[in-house]
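Q: have a look at this prediction, sequence included:
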Amino acid sequence: MNRLRKLLESEPLLHARSTLAHIDERQITAKSYGTVYYGAGLATRQALSVGLPFDVLIMILVGEFFRREFNLVRTYHHIADTHALTNSFCSKADVARIASEYREVIENIGRVIGAPLVVKLSSEFDSTSDYKHLLQKIKTDKGEYVHRELADILWYRWRHRVRLKVGWLIQEEVKGLGFDERLFDDEFLATCDKRMSFAYTLPGRTFDRNRLRVPPYIAIPGENRILFKKGEGVRKKYLEADSESFPERTTKGMLEHLSAIMRLSDKLSNTPIPENEDVLQRVQAVIDFVCNK
């Protein structure tokens with residue numbers, strides 16, 4: 001446990017305390033062929049995503065970090081396309097378009113890093129009889145959203161030997177308000193399967209001082225956010241934020257955030273990024289590698 005604690009506390013992209021409380025190294029490594037899993041939504045309650053943020057690397061890199069540390073075989077990146085369609089503002093065509101964009105970018109990231117990533121969409125399995133059976137089997141009083149989340153986790157647990165799920169938290173402290181993945185992770189342990197571990201990363205970040213911490217995999221219209229897009233101008237977005245009377249701590253915090261992502265990328269990626277450039281240039285290089293690959 002001391003070794004694991006030191007490992008978690010040494011990685012600034014992790015919420016070490018919450019992860020330590022939800023992780024069982026012996027359970028993860030007890031049998032061979034275990035895998036890692038995490039999910040990505042395509043919409044908030046207000047809007048469909050306009051693209052995949054650079055912050056998605058937090059979950060991908062942390063997943064790969066654990067995969068290598070625990071000698072697991074692959075990572076499943078789940079895209080919740082069916083879930084997005086429950087919003088009245090999401091059309092099938094728009095959801096299919098953004099899901100396809102997400103899949104292409106994530107698979108390219110896997111190739112750039114050298115990570116065995118498998119991308120799966122909800123729509124590829126959630127209408128099957130096996131999945132419907134899981135939905136009926138799970139009993140929870142936490143609502144439909146949590147019910148579906150539990151079914152997704154259990155599906156990957158049973159079908160793909162998932163031992164570790166990676167999620168994200170706005171903050172380490174439990175506030176009892178807003179989105180918190182610990183809600184359905186703890187419910188999963190209580191109602192579905194105790195043989196599961198969970199790790200928690202930091203959230204994504206925007207240049208919006210009123211909405212600094214956000215999901216690492218969704219960018220909504222109007223956000224000043226660094227995205228995996230062809231032609232994305234990282235320095236331009238940074239300078240626009242800096243010139244709009246943002247507090248120095250906001251832009252400084254973003255640089256520290258990006259530096260932490262790049263440090264883990266340097267440790268894990270098969271594609272070296274020149275270290276003699278500033279962090280904005282290095283982030284730009286990663287985006288260019290991924291989007292032009």
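A: Nice, I can see it.

Q: quick one: the strands in the stretch 1-150 of the chain?
A: Under the criterion DSSP state E, counting those that start in this stretch, the stretch 1-150 of the chain contains strands at 35-41, 74-80, 117-121.

Q: a markdown table for the ones you listed, including mean neighbour count, mean pLDDT and distance to Arg26?
A: Bear in mind the C-beta positions are built from the backbone N, C-alpha and C, glycine included. Compiled in a markdown table, the strands of the stretch 1-150 of the chain are given as follows (neighbours: other Cβ atoms under 10 Å; pLDDT from 0 to 100; distance: least, Cβ to Cβ, whole Å):
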| stretch | mean neighbour count | mean pLDDT | distance to Arg26 |
| --- | --- | --- | --- |
| strand 35-41 | 23 | 95 | 17 |
| strand 74-80 | 23 | 97 | 21 |
| strand 117-121 | 19 | 97 | 25 |
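
Q: these into TSV, with extra columns for distance to Leu164?
A: Formatted as TSV, those follow (distance: least, Cβ to Cβ, whole Å):
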stretch	distance to Leu164
strand 35-41	5
strand 74-80	9
strand 117-121	15
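
Q: right, and the ones you listed - which one's nearest Trp158?
A: Of all the strands of the stretch 1-150 of the chain, strand 35-41 sits nearest to Trp158, with 11.6 Å by Cβ to Cβ.

Q: what are the pairing partners of that closest one, and which direction each?
A: Partners of strand 35-41 in the sheet, by DSSP bridges, are strand 74-80 (parallel), strand 162-168 (parallel).

Q: the first one to strand 117-121, inter-axis angle?
A: Orientation of strand 74-80 against strand 117-121 (axes from the mean of the first three to the mean of the last three Cα atoms, to 10 degrees) gives an angle of 20 degrees.

Q: try the last one
A: Here strand 162-168 runs at 80 degrees with respect to strand 117-121, directions being taken by the same axes, to 10 degrees.

Q: centre of the chain to strand 162-168, how far?
A: Offset of strand 162-168 from its chain centre (Cα atoms, centre = their mean, to the nearest Å): 10 Å.

Q: then that strand to CSV, C-alphas only?
A: Output in CSV follows, covering the C-alpha atoms of strand 162-168 (Å, rounded to 0.1, in the frame of the first residue of the first chain):
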residue,chain,number,x,y,z
VAL,A,162,-12.4,-4.7,-16.9
ARG,A,163,-10.6,-4.4,-13.5
LEU,A,164,-10.1,-0.7,-13.3
LYS,A,165,-12.4,2.2,-14.3
VAL,A,166,-10.9,5.7,-14.7
GLY,A,167,-13.2,8.7,-14.0
TRP,A,168,-12.8,12.4,-13.1
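
Q: what are the buried residues along the helix or strand that comes right after it?
A: Counting by DSSP states H and E, the next helix or strand C-terminal to strand 162-168 is helix 182-191. Using 16 or more other Cβ atoms under 10 Å as the test for burial, helix 182-191 gives 182-185, 187-188, 191.

Q: cool, stretch 210-220 as well?
A: Neighbour-count burial for stretch 210-220 flags 212, 214-220 (criterion: 16+ other Cβ under 10 Å).

Q: could you export the residues you listed as a markdown table, including secondary structure and pLDDT?
A: Output for the buried residues of stretch 210-220, formatted as a markdown table (DSSP: H, G, I helix; E, B strand; the rest coil; pLDDT from 0 to 100):
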| residue | secondary structure | pLDDT |
| --- | --- | --- |
| Leu212 | coil | 85 |
| Val214 | strand | 92 |
| Pro215 | coil | 94 |
| Pro216 | coil | 96 |
| Tyr217 | coil | 96 |
| Ile218 | coil | 95 |
| Ala219 | coil | 95 |
| Ile220 | coil | 93 |
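
Q: closest to Thr128 among those?
A: Among these, Tyr217 lies closest to Thr128 (Cβ to Cβ), at 24.6 Å.

Q: which residues does the closest residue to that closest one other than its chain neighbours contact?
A: Excluding its sequence neighbours, the residue lying closest to Tyr217 (Cβ to Cβ, 6 or more residues apart in numbering) is Ala40, at 3.9 Å. When contacts are counted by Cβ atoms under 8 Å, 6 or more residues apart in numbering, Ala40 touches 56, 59, 77-80, 102, 106, 217-218.
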